[in-house]
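Visitor: Predicted model and sequence follow; I will ask about them next.
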Amino acid sequence: MKILALAALLSGGLYGQWVTGFYSAQNGVLPISNIPWDKYTHIIHFAAAPNSDGTVDLHYLTQSEIKSITTARPAGKTVLVSVKDNDSNLNAFAAATSPATIATFTNNIVNFVNSNGYDGVDLDWESKINTTQYQNLLMRLRSAMPGKVITMDAGNWGGMQTVAAGAASALDQVNVMCYDMDTPGNGYSWFNDALLQNGKSRLMTCDWRARAMTSAGLPASKVGIGIPFYGRRWSGITQPLVTGSFKPSQFPYRDLVADGTRWQPQNRFYDTGHKANYLSIPSLNEFDSYNGVEFIQDAVAWQKTQGFGGFMTFALEFEYLANQSGDARYPLSTALAAAVSGTTRVASANDPQAAPSADFPGGMRGELSTTKTILLYIAGALLIALAFAFSLRRINSSIASKRELHREPPI
């Protein structure tokens, strides 16, 4: 048994966590045919929404795109549909989960998932949350879909940590939205997604937000770390933690690395204390916060020490570099897959981050797996073979012993 356990660890233990990526419907940038399936275990199609009467609104989705993404799904990959707040009615979730409507709403979600060929559902209720009703919805969905994947996007506001902890048994993933923690209402410039408070309790960071989940009672193994593929631009300053009144703007990562004026080596910095990438551009008097390869590597190392279950990225189209080829089209996803799996691939020379790459088992490409991964699988296979031979020997020995015991005495 010990040999078998060791073999399992060697052959599959590196991949015992999820990497979930959001794909925005009708994004007009990343074709479904170019989704980097090999970098992810789960893809979330964003997004449908509730109506007050308990029906499910297509919202951003179209039936043709639903068919395209579920048909394109490779073997071994999981596609979920996200149900988010209704942009036209932020009270819709509360109405749909009211005692009079929740049974209908639950059935409609189940039917939407099954009829459209999804593998499960992601819940993204962020505004005007009723914690009792939210938890009730999750438990009902689990009862109605015992074999489907159910995930939740969570933050430490609106009682979401209480919902996640209370419905933990119904949830496969609780992906913590470690972004948008730089609200101008703070009164100072800050990072969109810094990893660590680093001894400064007033700062909004990923460890602060994730800690709220586990402190509420959510098992660490259910926690996923959310990583944004977009950043924030602050004009009039060049550093974080500058006091003042600001109106930062948002940009996708793909636009930042394609900006020849801003994306220069002398402008790039990494805060090693809080773990955050940023540009400081004196010539433009500008501070740009973003998440790069350095952040991803530190986030994965930290995640492993915390025993968290995986990662989530938002959103795939924000990093997509259409003018590149191969893994260079997905610099952040490539870096994340490499860090999580512990494998590397040869980076393209025109990759803006020169990031390594990796493939997950079940993906479409595996031709560039490293020697380390190959040796691990060989070692695992050999140990399994040894375990089988050892077991067979014990069985033969046992049979021989029994024959000896039952042998007829000599005449």
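Guide: Perfect, thanks for sending it.

Visitor: which stretches of the stretch 251-400 of the chain aren't confidently modelled?
Guide: Counting by pLDDT under 70, the stretch 251-400 of the chain shows low-confidence ranges at 344-400.

Visitor: can you give me the strands for it?
Guide: Using DSSP state E, counting those that start in this stretch, the strands of the stretch 251-400 of the chain run over 268-271, 276-281, 286-290, 310-314.

Visitor: Equivalent analysis for the stretch 101-250 of the chain, please.
Guide: 120-124, 149-154, 173-176, 223-228, 230-235, 249-252.

Visitor: okay, these in CSV with mean neighbour count and distance to D271 next?
Guide: (C-beta placed from N, C-alpha, C; glycine too.) Formatted as CSV, the strands of the stretch 101-250 of the chain follow (neighbours: other CB atoms under 10 Å; distance: least, CB to CB, whole Å):
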stretch, mean neighbour count, distance to D271
strand 120-124, 24, 29
strand 149-154, 25, 25
strand 173-176, 27, 20
strand 223-228, 25, 16
strand 230-235, 22, 14
strand 249-252, 15, 19
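
Visitor: Let's have the ones you listed in TSV, adding distance to N136.
Guide: Shown next, in TSV, are the strands of the stretch 101-250 of the chain (distance: least, CB to CB, whole Å):
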stretch	distance to N136
strand 120-124	12
strand 149-154	14
strand 173-176	17
strand 223-228	22
strand 230-235	33
strand 249-252	34
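
Visitor: T343 is nearest to which of those strands?
Guide: Nearest of these to T343, taken as CB to CB: strand 223-228 at 19.0 Å.

Visitor: Run through who's touching that closest one.
Guide: Identification of contacts with strand 223-228 by CB atoms under 8 Å, 6 or more residues apart in numbering yields 18, 20, 153, 173-180, 192-193, 206, 210, 213-214, 291, 295-296, 299, 303, 306, 308-314, 318, 332, 336.

Visitor: Report the mean per-residue pLDDT for it.
Guide: Mean pLDDT, computed over strand 223-228, is 98.

Visitor: Distance from it to the middle of the chain?
Guide: On the basis of CA atoms, centre = their mean, to the nearest Å, strand 223-228 sits 6 Å off its chain's mean C-alpha point.

Visitor: So which residues of the stretch 1-150 of the chain form helices?
Guide: 2-12, 63-72, 92-96, 102-115, 131-144 (DSSP state H, counting those that start in this stretch).

Visitor: okay, those helices in JSON lines with mean pLDDT and mean neighbour count next?
Guide: Listed next are the helices of the stretch 1-150 of the chain as JSON lines, based on pLDDT from 0 to 100; neighbours: other CB atoms under 10 Å:
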{"stretch": "helix 2-12", "mean pLDDT": "33", "mean neighbour count": "15"}
{"stretch": "helix 63-72", "mean pLDDT": "98", "mean neighbour count": "14"}
{"stretch": "helix 92-96", "mean pLDDT": "98", "mean neighbour count": "24"}
{"stretch": "helix 102-115", "mean pLDDT": "98", "mean neighbour count": "17"}
{"stretch": "helix 131-144", "mean pLDDT": "98", "mean neighbour count": "19"}
